[in-house]
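Participant: let's see this in three dimensions:
(one chain, ligands or ions: 1)
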Amino acid sequence: MKTQPRHILIVDDDPAVCASLKLLLRRGGYSASVVQRPSEVAGAVATTPPDLVLLDMNFSIDTSGRQGLKLLQLLRDSLPGAPVILLTAWATVQLAVEGMKMGASDFIAKPWDNKSLLSTIQTLIGLNEPAPNAPKATGFDQIVGQDSAFLATLEVARRVSQTDASVLILGESGTGKEVLAEAIHYSSQRQGAPFVRVNLGGISQSLFESEMFGHKKGAFTDAVADREGRFAKADGGTIFLDEIGDLGLPSQVKLLRVLQEKTFEPLGSSQPLRSDCRVISATNKNLSQMVAEGSFREDLYYRINLIKLTLPPLRERPGDIPLLANHFLEVFRNVYNRPGLQLTRGAVAWLRSQPFPGNIRELRNLIERTVLVSPEDELQAQDFERHHQPGGDKGAWPQVGALSLEEMEIAMIQRAMKFYDGHITNVAAALGLTRSALYRRLQKYGIDYEP
Ligand SMILES: Nc1ncnc2c1ncn2[C@@H]1O[C@H](COP(=O)(O)OP(=O)(O)OP(=O)(O)O)[C@@H](O)[C@H]1O
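Facilitator: The predicted model follows:
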């Protein structure tokens, strides 16, 4: 059975823009029609309801953009289900933001990039269609969970993995944001190209440009050689912008420009480079609140979240705890070569009852710690209780610069010695050391112990 091509309406008063968009869309397999006068939009929509609308925001009769917003309102009222993409000039990004608030799906700055415009259209139209019976993508195999809200999020992630749509993943620390970003990448067409993770919370403002865009030798005092930035490394693949909520305002504007224009200049070079990379961002911050408070740019917020995926905290899906616990136990059976490892029913019930503020990471770490220090293969509730440090996996690290590595090592050994009442075998196992390596350190740092 041959399916009808999807229909797209172009609303723009510039005949040259209309002609080139129409050609592009037809080549992309869509049917397209054009309306150049605002007064004709309602009629065109009524005659052939489009699946998607491309709407210019800068009509020459009204440079303020009001005309565009009025048309957007009309389209939202008459075609509530059809996505609208706004076409704007770079200088009028604020206008696009207003449009997004009124329900537009995305905005594209003129001059647009053909490939990314087609990919945005494909994504938005695809989201409105029933789920395809495509085989499940392999990148998702390692993701465990049955909770219905969680599965709904995974389903959207699976669908968008096949597109180049920008994705924003929200969720508390340890809920699996990075795992999900990787799954999207490894089940996309880009799976053969790099997945480049950047922890934006860990990059100082002064290093942002050199880290992201690279630099030429001599661009600044320490630039002793050319250096490739993260955007160049991610070319053809996916860039994962982790902790994007921690990015300072001056860096936000630099990032927005690259995402908008898909080009960047390494420091010390005037030669712009192109990066064809898919952008996935993540944060545990409340970005919309940050936008309201002015600490996160609204235009950047809309640029990165064509698709927003929210991962629930583990305490909201306690039914998944037994599944995850058994999954991790299987991992550690293999890693530590202990095929007999088992969880008692009591242990599963106890794990289920815990709030796990550090989410899945905390659960995983607790299981690993308990496996490491328990001589028995059958793990009981008490074994877990003993090694549980509620919230201890979340934010327990000292500030950068507060301690040297050596000081941290000493503090950790002292803590473990106290925790196990000086029981050397347990302390060594908990720290991942052999007994003799632990003795060497105890002597080196002058920590008291009973031989
Ligand atoms: N659904 C899941 N199934 C199996 N393992 C998971 C799942 N979600 C998370 N994990 C595991 O939990 C740990 C934490 O996950 P991840 O690093 O993706 O979290 P995060 O949300 O990115 O955390 P942060 O915000 O602190 O960077 C990892 O070891 C990961 O393998």
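Participant: sec struct for residue 366, please.
Facilitator: Assigned by DSSP: H, G, I helix; E, B strand; the rest coil, the conformation of residue 366 is helix.
Participant: burial count for it?
Facilitator: As a burial measure, residue 366 scores 24 neighbours (other CB atoms under 10 Å). C-beta: built from backbone N, CA, C; applies to glycine.
Participant: for residue 284, same thing?
Facilitator: 20.
Participant: also the one 3 residues further on?
Facilitator: Per other CB under 10 Å, the neighbour tally for residue 287 reads 21.
Participant: my guess is it meets residue 170, correct?
Facilitator: Yes - between residue 287 and residue 170 there is a contact at 7.3 Å, judged by CB atoms under 8 Å.
Participant: what residues does the stretch 351-451 of the chain have near the ligand?
Facilitator: Within the stretch 351-451 of the chain, the positions near the ligand by CB under 6 Å from any ligand atom are 360, 361, 364.
Participant: flag every residue of the stretch 201-350 of the chain that's near the ligand.
Facilitator: With CB under 6 Å from any ligand atom as the criterion, the stretch 201-350 of the chain meets the ligand at residues 242, 284, 327.
Participant: so who does the second one touch?
Facilitator: Pointing back at residue 284 there. 170, 171, 172, 173, 177, 243, 245 (CB atoms under 8 Å, 6 or more residues apart in numbering).
Participant: got it, and residue 52?
Facilitator: 6, 8, 9, 82, 83, 84, 85, 121, 124, 125.
Participant: gap between the last one and residue 83?
Facilitator: Residue 125 sits at a distance of 7 Å from residue 83 (criterion: CB to CB, to the nearest Å).
Participant: quick check on the residues of the stretch 351-451 of the chain next to the ligand: which are buried?
Facilitator: 360, 361, 364 (16 or more other CB atoms under 10 Å).
Participant: I'd say the second one and residue 173 touch.
Facilitator: Yes - shown here, residue 361 and residue 173 form a contact pair, counting by CB under 8 Å, at 7.2 Å.
Participant: what sits in contact with each of the two?
Facilitator: Common neighbours of residue 361 and residue 173, using CB under 8 Å, 6+ apart, do not exist here.
Participant: can you tell me the residue of the stretch 1-150 of the chain closest to the ligand?
Facilitator: residue 144 (3.7 Å; CB to the nearest ligand atom).
Participant: not counting sequence-adjacent ones, nearest residue to that residue?
Facilitator: Spatial nearest neighbour of residue 144, excluding adjacent residues (CB to CB, 6 or more residues apart in numbering): residue 327 at 4.6 Å.
Participant: check which helix or strand covers that neighbour.
Facilitator: helix 321-335 (DSSP states H and E).
Participant: please apply the same query to residue 363.
Facilitator: Residue 363 belongs to helix 359-373, assigned by DSSP H and E.
Participant: between residue 125 and residue 83, which one's more packed in?
Facilitator: Using other CB under 10 Å as the criterion, residue 125 and residue 83 rank with residue 83 on top: 22 against 17.
Participant: my guess is that one meets residue 123, correct?
Facilitator: No - in this structure, residue 83 is not within contact of residue 123 by CB under 8 Å, at 9.1 Å.
Participant: who's in contact with the host helix or strand of residue 289?
Facilitator: Assessed by DSSP H and E, residue 289 sits inside helix 287-293. With contacts defined as CB under 8 Å, 6+ apart, helix 287-293 is touched by 168, 170, 244, 245, 296, 297, 298, 301, 305.
Participant: next one: the fifth one from the ligand, what distance?
Facilitator: For residue 296, the distance to the ligand under the criterion CB to the nearest ligand atom, to the nearest Å works out to 17 Å.
Participant: tally up the residues packed near that residue, please.
Facilitator: Using other CB under 10 Å: residue 296 sits among 21 other residues.
Participant: name the element it belongs to?
Facilitator: With DSSP H and E as the test, residue 296 turns up in no helix or strand.
Participant: check it and give its pLDDT.
Facilitator: On the pLDDT scale, residue 296 is placed at 96.
Participant: roughly how far apart are the nearest residue to it once chain neighbours are set aside and the ligand?
Facilitator: Nearest non-adjacent residue to residue 296, counting by CB to CB, 6+ apart: residue 290, 3.8 Å away. Going from residue 290 to the ligand by CB to the nearest ligand atom gives 16 Å.
Participant: could you do residue 334 as well?
Facilitator: 15 Å.
Participant: burial of the nearest residue to residue 160 once chain neighbours are set aside, as a residue count?
Facilitator: In this structure, residue 160 finds its nearest non-sequential neighbour in residue 307, 5.0 Å apart by CB to CB, 6+ apart. As a burial measure, residue 307 scores 20 neighbours (other CB under 10 Å).
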